[in-house]
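*Asks:* Kindly return the folded structure for what I paste below:
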Amino acid sequence: MKNVALKMKKHPPTANNRGSRTFPVNLLAALLLAVSAGGQTEPSASVADDAVLQGKGPQMMKDFLLRKARQQAARPLPESREALEAIKAAQKKELMRCLGLDPLPPRTPLHAKVTGVFQRQGYRLEKIVFDSRPNFPVTGHLYVPDGPAGRKYPVILNPHGHWHYKKMEPVVQSRLISQALGGYLAFIIDSPGWSWDKDKPTERIYAGCHWDFPLVEGSANVTAVYVWDLMRALDYLQTRPEADMSRVGLTGASGGGLAAVWDFAADDRITCAVPVVYASSMEVNPDNGCACNHVPGALQIGDRSDVLAIRAPAPVFIIGARNDGEFPPAGMQLTGEKLKKIWGLYGAADQTGCEIFAGPHDYNKLMRERAMGFFDKFLRRKGDGSPAPEPPLKTEDPDDRQFLALPEVPPGLKTMRDIARENLAAAKPATFEDLVRLNGGLPKRAPLDFKILSSADGKSAVTFQSEAGLTIPGLLWLPKGAPKAALVLVSEQGKAAAAKEFGIASLTAAGCACLAIDARGAGELSGLDIRLMTYLGTAPAFAMAVDASAAVEAMRQYSPKVGVIGSGPGGAMIPLFAALMDPSLSYVAGLRGLKSFADVLDFPEEDKGVDYLGLQPRANYGPTLDALKAMVKCPADWSVGNEQEPDWKAKFTAAVF
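*Replies:* Next up is the predicted model:
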């Protein structure tokens, strides 16, 4: 899977500033400033505007985020059963918020129907359609064992992964047939939308693209929607006379393993689960590919073992593959070790386990046999969990369109983006503190360590820290006289573009000290991985505002009067968040911003070059943009899209001079 870092598009910059003292703009002044600020200076040749970090910025940014993700995944395990039970309710609530299922959507009529039946040796295959939400049909295949009328069978629910043919992929068919021949009522439903199966005879493509990060804005990424579909699939099975709903298993591989982990944690009706080639510890590899993987705020719950632990000690067994780069065996083994320790708190270490099989990312025959042995033990009280031999079986032609459950797709069906918009529209009033919690809290501020590296032509190259391990590069301009005020400028294009974008010459001429910075995600710190940010649940602009707030602290040595200006979908949010983080700011302006968080849902699907700086994961659980703007205490101006910008320079000078 490709690495997905934020890619900047041409939007105007954003600004943050703070100041307190004044010095002439020359090397001596820079030396004096460094001493007064507790920093260091290196009177050397002028540093290039885009090389303050000497090319080390992107790697530092990558390492910083990976370290933060791994630290979140490596949280200590509960030391006792009582300690785990004490946090389970909060963990479950956070999980449901990650999935956009707090509160649960209404259980609207299923309108279920069987659209076709195929009799095969030992079982029959039924084509099923039901509505998990109004105007949002789910397609599936139900495999029913042959047997006398009135017999009830234990159930196994099967989400699938990114196979080319979804439920009709031969390796997927194989496990459903095996389950039916083994005496289980086996049900598989298609995931909503499409990945790389769009040119195959697959179903539910109408729902939208899997590669669609804007869906996290409304807690409606593919996994979140799929989990609700799976919950409604159990609602449907409750209507089937063959289903023994006291014995329900769940299994899937890859993206199906992903859905299995989250559905198992979310739905207490599931007795036991076998996630396959997915549940690798994020301590080992948090760098997973498709946007459907990235349930927003997942790392606020913890590692994948912490998600599964919400259901401890319900039986769960994880399966991995030896040649799996994305979900590596070392990560699977670490998850297995964590599960053993957690389940051991209940005296139930024998109800969990992990096994790694030879071969690539798959759900092969040996894996299926191991899973069946597990299900036999915990759903049928049969055997000791050892592999159950798979009988000979024959799969259907995946290109055969007669197996489509809904061959004629009605027009105007709901999409996942529609669901995201509905979630945002249903948001309840919230506070800035709620938004801070959504973003994982405010990080601990590191010592500023402000340094001037060089000065020339009225401009100095500087660095400082906003968080431990994250060095922010900047360009500093001072007026000829004592600064009357200060600005911190954060351009989405990077600090090298700030002089032109913000008209710094006119600002310094008016007596303003100006610091343009590369906040994380811009300029020398490009490479803000949207996948890791989504796992953390942190909005790019929120994190960039942390950097801007540190820059404000640095600029207060020039003047106590500081303003922040930003431009673009994410850039306009930086001064907004900064003003709420630091109410003592003197002025802020956000230019050409979003009208609402829902605006990102108008961005194109599957566009890996889109500007993701405006994303706020799970915005439906926080305040609206308008509500946030109303909370700002200092003078502020805002503009939306291409509408005329306010005369922020005049308003800033009026506010502070």
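*Asks:* ok, how many other residues are close to the closest residue to residue 534 other than its chain neighbours?
*Replies:* In space, and not counting its chain neighbours, residue 534 is closest to residue 294: 4.2 Å by CB to CB, 6 or more residues apart in numbering. In this view, the C-beta of every residue, glycine as well, is placed from N, C-alpha and C. Close neighbours of residue 294, defined as other CB atoms under 10 Å, add up to 25.
*Asks:* thought residue 294 was touching residue 216?
*Replies:* Yes: with contact defined as CB atoms under 8 Å, residue 294 reaches residue 216; the gap is 6.9 Å.
*Asks:* For the two, list the residues in contact with both.
*Replies:* Counting by CB atoms under 8 Å, 6 or more residues apart in numbering, the common neighbours of residue 294 and residue 216 are residue 534.
*Asks:* So what would you say the end-to-end distance of stretch 643-653 is?
*Replies:* In stretch 643-653, first residue to last residue: 22 Å (CA to CA, to the nearest Å).
*Asks:* Which segments of the protein make up each domain?
*Replies:* According to automatic domain parsing, the chain comprises the domains 14-39+436-656, 90-414.
*Asks:* pLDDT value on residue 528, please?
*Replies:* Residue 528 is assigned a pLDDT of 89 by the prediction.
*Asks:* repeat for residue 46
*Replies:* In this prediction, residue 46 carries a pLDDT score of 69.
*Asks:* same check, this time on residue 568
*Replies:* Residue 568 is assigned a predicted lDDT (pLDDT) of 86.
*Asks:* Kindly report the same for residue 500.
*Replies:* 89.
*Asks:* Please, which helix or strand holds it?
*Replies:* Mapping residue 500 onto the secondary structure by DSSP states H and E places it in helix 498-502.
*Asks:* and that helix, how far from the chain's centre?
*Replies:* Relative to its parent chain, helix 498-502 has a centroid offset of 32 Å by CA atoms, centre = their mean, to the nearest Å.
*Asks:* For residue 351, which residues are in contact?
*Replies:* 313-316, 343, 378.
*Asks:* Most widely separated two among these?
*Replies:* For the contacts of residue 351, the farthest-apart pair by CB to CB is 343 and 378; their separation is 12.9 Å.
*Asks:* what about residue 351, distance to residue 88?
*Replies:* Separation of residue 351 from residue 88 (CB to CB, to the nearest Å): 17 Å.
*Asks:* Give me the most central residue, this structure.
*Replies:* Closest to where the C-alpha atoms of the chain average out (CA atoms, centre = their mean) is residue 534, at 2.5 Å.
*Asks:* got a list of what that residue touches?
*Replies:* Listed by CB under 8 Å, 6+ apart, the contact partners of residue 534 are 213, 216, 294-296, 615, 617.
*Asks:* Any of these buried? List them.
*Replies:* Buried by 16 or more other CB atoms under 10 Å: 213, 216, 294-296, 615, 617, out of the contacts of residue 534.
*Asks:* Quick one: the strands in the stretch 201-350 of the chain, in order.
*Replies:* Assigned by DSSP state E, counting those that start in this stretch, the strands in the stretch 201-350 of the chain fall at 243-253, 272-276, 316-323.
*Asks:* got it, and the stretch 1-150 of the chain?
*Replies:* 14-16, 19-20, 113-120, 123-133, 136-145.
*Asks:* Need those in JSON lines (columns: mean pLDDT, mean neighbour count and distance to residue 276).
*Replies:* Shown next, in JSON lines, are the strands of the stretch 1-150 of the chain (pLDDT from 0 to 100; neighbours: other CB atoms under 10 Å; distance: least, CB to CB, whole Å):
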{"stretch": "strand 14-16", "mean pLDDT": "32", "mean neighbour count": "37", "distance to residue 276": "45"}
{"stretch": "strand 19-20", "mean pLDDT": "31", "mean neighbour count": "24", "distance to residue 276": "58"}
{"stretch": "strand 113-120", "mean pLDDT": "98", "mean neighbour count": "12", "distance to residue 276": "24"}
{"stretch": "strand 123-133", "mean pLDDT": "98", "mean neighbour count": "20", "distance to residue 276": "22"}
{"stretch": "strand 136-145", "mean pLDDT": "98", "mean neighbour count": "23", "distance to residue 276": "18"}
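*Asks:* could I get these as CSV with distance to residue 274?
*Replies:* Shown next, in CSV, are those (distance: least, CB to CB, whole Å):
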stretch, distance to residue 274
strand 14-16, 48
strand 19-20, 60
strand 113-120, 24
strand 123-133, 20
strand 136-145, 17
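*Asks:* looking at those strands, which is closest to residue 652?
*Replies:* strand 14-16 (9.4 Å).
*Asks:* doesn't residue 321 make contact with residue 329?
*Replies:* Yes: Residue 329 sits in contact with residue 321 when judged by CB under 8 Å, with a separation of 7.3 Å.
*Asks:* Name the residues contacting each of these two.
*Replies:* Counting by CB under 8 Å, 6+ apart, the shared contacts of residue 329 and residue 321 are residue 356.
*Asks:* okay, residue 489: pLDDT?
*Replies:* At residue 489, pLDDT is 96.
*Asks:* Point out where this protein drops to low pLDDT.
*Replies:* Applying pLDDT under 70 to the chain flags the ranges 1-46, 607-610.
*Asks:* Try it again at 50.
*Replies:* 1-44 (pLDDT under 50).
*Asks:* quick one on the thing from earlier: switch the domains of the chain over to CSV; also include distance to residue 67.
*Replies:* Shown next, in CSV, are these (distance: least, CB to CB, whole Å):
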stretch, distance to residue 67
domain 14-39+436-656, 7
domain 90-414, 10
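*Asks:* Would you mind finding the most buried of those domains?
*Replies:* Looking across the domains of the chain with neighbours counted as mean count of other CB atoms under 10 Å, the highest average goes to domain 14-39+436-656: a mean of 22.
*Asks:* do you know how far the residue nearest to the centre of the chain is from residue 308?
*Replies:* Residue 534 is 20 Å from residue 308, where distance means CB to CB.
*Asks:* Residues contacting the helix or strand following the helix holding residue 500, please?
*Replies:* Moving toward the C-terminus from helix 498-502, the next helix or strand (DSSP H and E) is helix 504-509. For helix 504-509, contacts defined as CB under 8 Å, 6+ apart pick out 458, 477-480, 487, 489, 498-499, 514, 516, 649.
*Asks:* got it, and stretch 320-339?
*Replies:* Taking CB under 8 Å, 6+ apart as the rule, stretch 320-339 contacts 1, 77, 254, 276-285, 288-289, 303-305, 308-309, 316, 318-319, 352-362.
*Asks:* tell me how far the ends of that stretch are from each other?
*Replies:* End to end - CA to CA - stretch 320-339 spans 14 Å.
*Asks:* and what of stretch 562-582?
*Replies:* End-to-end for stretch 562-582, by CA to CA: 11 Å.
*Asks:* try stretch 137-151
*Replies:* OK, stretch 137-151 end separation, CA to CA: 29 Å.
*Asks:* Distance from the chain centre to that stretch, please.
*Replies:* 36 Å.
*Asks:* Could you tell me which residues make contact with the nearest residue to residue 135 once chain neighbours are set aside?
*Replies:* Spatially, and ignoring its direct neighbours in sequence, residue 135 is nearest to residue 414 (4.6 Å; CB to CB, 6+ apart). Going by CB under 8 Å, 6+ apart, residue 414 touches 133-136, 207.
*Asks:* Please put the alpha-carbon coordinates of the helix holding residue 500 into PDB.
*Replies:* Below are the C-alpha coordinates for helix 498-502, written out as PDB (Å, rounded to 0.1, in the frame of the first residue of the first chain):
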ATOM      1  CA  ALA A 498       5.300  33.800   3.100                       C
ATOM      2  CA  ALA A 499       7.000  37.100   2.200                       C
ATOM      3  CA  LYS A 500       5.000  37.400  -1.000                       C
ATOM      4  CA  GLU A 501       1.700  35.800   0.200                       C
ATOM      5  CA  PHE A 502       1.500  38.000   3.400                       C
END
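*Asks:* what helices or strands is that helix leaning on?
*Replies:* Helix 498-502 is packed against strand 470-477, strand 485-490, strand 512-517, with contacts defined by 3 or more CB pairs under 8 Å, 6 or more residues apart in numbering; DSSP states H and E.
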